[in-house]
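Colleague: no sequence on hand, only this structure:
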């Protein structure tokens, strides 16, 4: 009986850990996407500035 309870607790802990890791990965991917968009916009602005100078 005790073994079953321990296995359930370990399973729950791994489930929580997985959710935390997935959430972190999703946040990192979103941050990288925003940075890439910002860099692309900055490059467009730099090109436009070069054209007019």
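Modeller: That came in fine, so what should we check first? Note that the structure is a prediction, hence the values are computed from the model and not measured.

Colleague: flag the shaky bits of the chain, pLDDT-wise.
Modeller: Within the chain, the segments meeting pLDDT under 70 span 47-48, 50-53.

Colleague: can you map out the helices along it?
Modeller: For the chain, the helices defined by DSSP state H cover 2-52.

Colleague: quick one: residue 4 and residue 10, what's the gap?
Modeller: From residue 4 across to residue 10, the span is 11 Å (C-beta to C-beta, to the nearest Å). (Glycine included, C-beta is placed from N, CA and C.)

Colleague: now do residue 23
Modeller: For residue 23, the distance to residue 10 - C-beta to C-beta - is 21 Å.

Colleague: now stretch 14-34: how far from the chain's centre is it?
Modeller: 5 Å (C-alpha atoms, centre = their mean, to the nearest Å).

Colleague: residues contacting that stretch, please?
Modeller: For stretch 14-34, there are no external contacting residues (C-beta atoms under 8 Å, 6 or more residues apart in numbering).

Colleague: in that stretch, what's buried?
Modeller: Of all the residues in stretch 14-34, not one is buried under the rule 16 or more other C-beta atoms under 10 Å.
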